[in-house]
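Student: what's the 3D shape of this:
(2 chains)
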Number of protein chains: 2
Amino acid sequence: MSLTQVSAAKVFGGWHKQFSHASSSNHCDMRFAIYLPPQAEKQNVPVVYWLSGLTCTDENFMQKAGALRVAAELGLAIVAPDTSPRGDDVADAPDGAYDFGLGAGFYVNATQTPFAQHYQMYDYVVNELPKLIEQHFPVTTQRAISGHSMGGHGALMIALKNPQRYASVSAFSPISQPMNCPWGQKAFAGYLGNDQQQWRQYDSSELMKASPVRDHIPALVDQGEQDNFLVEQLKPEALVDAAKLVDYPLTLRMQPGYDHSYYFIASFIEEHLQFHARCIIDNS
Amino acid sequence: MSLTQVSAAKVFGGWHKQFSHASSSNHCDMRFAIYLPPQAEKQNVPVVYWLSGLTCTDENFMQKAGALRVAAELGLAIVAPDTSPRGDDVADAPDGAYDFGLGAGFYVNATQTPFAQHYQMYDYVVNELPKLIEQHFPVTTQRAISGHSMGGHGALMIALKNPQRYASVSAFSPISQPMNCPWGQKAFAGYLGNDQQQWRQYDSSELMKASPVRDHIPALVDQGEQDNFLVEQLKPEALVDAAKLVDYPLTLRMQPGYDHSYYFIASFIEEHLQFHARCIIDNS
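Tutor: Residues are numbered from 1 along each chain as shown, chains lettered A, B, ... in the order given. Alright, predicted model coming up:
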């Protein structure tokens, strides 16, 4: 598989680059961003995968989170995929809604027409993208995963389903129980159909409840108390209940005064990256 | 004068807020952003004014520079005005060009029709905005000023013309000699007319050459060596020559590999804010 470089900028002594490539999972061109810290010039470095929220592309996190400074200090690469397939022949929400279709792939493999053809974001993030990254860049196979909102759902869900692939997982303001909130119900019905049994495989609270101890990996979640979406969409209490049930190593911190924005992410991203760096070392 | 709050978000324990207000200088509504660090809840704090570059608003720096973390550590407020007047009755470039008119006020007081009516950005940044800030927020009258590209020109030019008002000045990739580059010539001709004598009062290299020792304040400039605009538009050598001529306390650093983007600014903003904090203390 070949990559086409879209941009390159030096940042904190390392390099932020964007690439596009033909995706075998999504059957369209996909773009992702990678930050390679200065350490990557001399050795292979671990990778933190970042999954963004609704309406985002590969750019939001890289530009707004202030994460690259910390990644440069810790010697971590960061990879940020897009949030959905893109292109003229990729189906979108009929009404152009922000919370379904383009920019809103929800990190699932769609089974419903017309979305099944391109919306295979789960396979893309779990399999295709890491394979590509590990083939083309100076990285190890040590991985962690994190994300925000829809991407927080994606990170938790993917880590719970693939604990052997990640040293740790973290999330900001995740959609913690998509089966039980308007954003998740709309997306799951559209991508997966109306059979709620099909939804369970992508619901982090359900997955956590069923998670055996041997599959537990360290999990850190931050949630702003002034987040406008907290009560209706995010429901972190479902995650807390699930973690209690199976004694999952989840640290969930309610952060007074903070909202749903990148200003919140920026305020705590250093702690998340330090957490992942520690878990990667502990796991080696 | 009254302020209308547009937004508020907690960041690094402090608050980022946006306000709009009727501007007596520009005769239109203006929006600005302010970051108040946690220290401002207990005491008045100094202010760093940030002037953005072409096409920017009050948002770019606050979202992308990673500055708020450092401001929170150092106990500095940051104020970012918009880059031009705005509104339906504000004249724009006839062709909608990105480098003149809306988003491109160049921090001068326009004298030419139809721009003179609203484009009084020099008065706005030097007088009206600080007065407003010092009236409404828990800040001292200790000020520093910084900016990027067109805003780097603005910061240097304003500090050189008003050295008593600022403890220090810094810039990223400034338009160092606007009289002698396409961006500056277009803007100065459009806002000030064709008499180049009128341009000199806003040209940092000219101002520095004429600057008496008693008016010197510490100046720090960073310039990326891979900046696409370096040779044609930015011309830092003019600033270096001027500084040599009058022994101006200018530190200009060429940074290998860096471009014109916010990734460059983010990489060095901590050093700039530390520089301003030191100068403010030295000046007290």
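Student: what's the helix or strand for A:Tyr263?
Tutor: helix A:262-283 (DSSP states H and E).
Student: got the contact list for that helix?
Tutor: With Cβ atoms under 8 Å, 6 or more residues apart in numbering or on different chains as the test, helix A:262-283 has contacts from A:46, A:48, A:60-61, A:64-67, A:70-71, A:74-76, A:142, A:144, A:146, A:148, A:167-168, A:170, A:172-173, A:217-218, A:220, A:222, A:224, A:227, A:255, A:258, B:9-13, B:16, B:63, B:66, B:68-69. For the C-beta atoms, the positions are set from N, CA and C on the backbone; glycine is no exception.
Student: Among those residues, which are located in strands?
Tutor: A:46, A:48, A:142, A:144, A:146, A:148, A:170, A:172, A:220, A:222, A:224, A:255, B:9-11, B:16 (DSSP state E).
Student: Closest to the centroid, which residue in chain A?
Tutor: A:Leu51 (2.5 Å; Cα atoms, centre = their mean).
Student: For chain B, what is the nearest residue in the stretch 101-250 of chain A?
Tutor: A:Gln226 (7.2 Å; Cβ to the nearest Cβ).
Student: contacting residues for the nearest residue to that residue once chain neighbours are set aside?
Tutor: Counting by Cβ to Cβ, 6 or more residues apart in numbering or on different chains, A:Gln226 lies nearest to A:Asp259, which is 5.0 Å off, once chain neighbours are set aside. Counting by Cβ under 8 Å, 6+ apart, A:Asp259 touches A:224, A:226-228, B:9-10.
Student: Need the buried ones from the contacts of helix A:262-283 selected in PyMOL.
Tutor: Buried subset of the contacts of helix A:262-283, written as a PyMOL selection, criterion 16 or more other Cβ atoms under 10 Å in any protein chain shown:
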select buried, (chain A and resi 46+48+60+61+64+65+66+67+70+71+74+75+76+142+144+146+148+167+168+170+172+173+217+218+220+222+224+227+255+258) or (chain B and resi 9+10+11+12+16+63+66+68+69)
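Student: what about the closest residue to A:Pro218 other than its chain neighbours, distance to A:Leu74?
Tutor: Once flanking residues are discounted, A:Pro218 sits nearest to A:Ser168: 4.6 Å by Cβ to Cβ, 6+ apart. According to Cβ to Cβ, to the nearest Å, A:Ser168 and A:Leu74 sit 13 Å apart.
Student: Please work out which residues outside stretch A:233-240 touch it.
Tutor: A:149, A:156, A:173-177, A:180-184, A:204-205, A:208, A:221, A:223, A:227, A:230, A:250, A:252, A:254.
Student: again, only this time at 6 Å
Tutor: Residues from elsewhere that reach stretch A:233-240 (Cβ atoms under 6 Å, 6 or more residues apart in numbering or on different chains): A:173, A:176-177, A:181, A:183, A:205, A:223, A:252.
Student: same deal with stretch A:210-229?
Tutor: By Cβ under 6 Å, 6+ apart, the list of residues contacting stretch A:210-229 reads A:160, A:163, A:168-173, A:236, A:246, A:248-260, A:264, A:268, A:275, A:279.
Student: just the buried members of those residues?
Tutor: By 16+ other Cβ under 10 Å, those give A:160, A:163, A:168-173, A:236, A:248, A:250, A:252, A:255, A:258-260, A:264, A:268, A:275, A:279 as buried.
Student: element containing A:Ala159, please.
Tutor: Judged by DSSP H and E, A:Ala159 forms part of helix A:150-161.
Student: So which bits of chain A are right by chain B?
Tutor: Residues of chain A lying near chain B by Cβ under 6 Å from any Cβ of the partner chain: A:9-12, A:16, A:63-64, A:66, A:257-259, A:261, A:263, A:267.
Student: and the ones in strands among the contacts of helix A:262-283, which two are the farthest apart?
Tutor: A:Gln142 and B:His16 (34.8 Å; Cβ to Cβ).
Student: re the thing from before, tell me the confidence at the residue nearest to A:Pro218?
Tutor: The per-residue pLDDT reported for A:Ser168 equals 98.
Student: Now do stretch A:138-151: everything it contacts.
Tutor: So stretch A:138-151 is in contact with A:40, A:44-54, A:77, A:154-155, A:159, A:166-173, A:175, A:265, A:272, A:276, A:280, going by Cβ under 6 Å, 6+ apart.
Student: same check, this time on stretch A:164-172
Tutor: A:143-148, A:152, A:155-156, A:159, A:217-222, A:265, A:272, A:276, A:279-280, A:283.
Student: Please work out the average pLDDT along stretch A:241-258.
Tutor: 98.
Student: again, but for stretch A:207-218
Tutor: 98.
Student: chain center to stretch A:26-38, what's the gap?
Tutor: 13 Å (Cα atoms, centre = their mean, to the nearest Å).
Student: Mind listing what's buried along it?
Tutor: A:26-28, A:30-38.
Student: Spit out the contact partners of A:Phe32.
Tutor: For A:Phe32, the contacting residues are A:58, A:81, by Cβ under 6 Å, 6+ apart.
Student: Recalculate using a threshold of 10 Å.
Tutor: Applying Cβ atoms under 10 Å, 6 or more residues apart in numbering or on different chains to A:Phe32 gives the contacts A:3, A:6, A:17-21, A:23, A:49, A:57-58, A:79-82, A:124-125, A:129, A:132-133.
Student: quick one: which of the ones in strands among the contacts of helix A:262-283 is nearest A:Gly190?
Tutor: A:His148 (21.3 Å).
Student: Tell me which two of the buried residues of stretch A:26-38 sit farthest apart.
Tutor: Longest span within those, Cβ to Cβ: A:His27 and A:Pro38, 36.3 Å.
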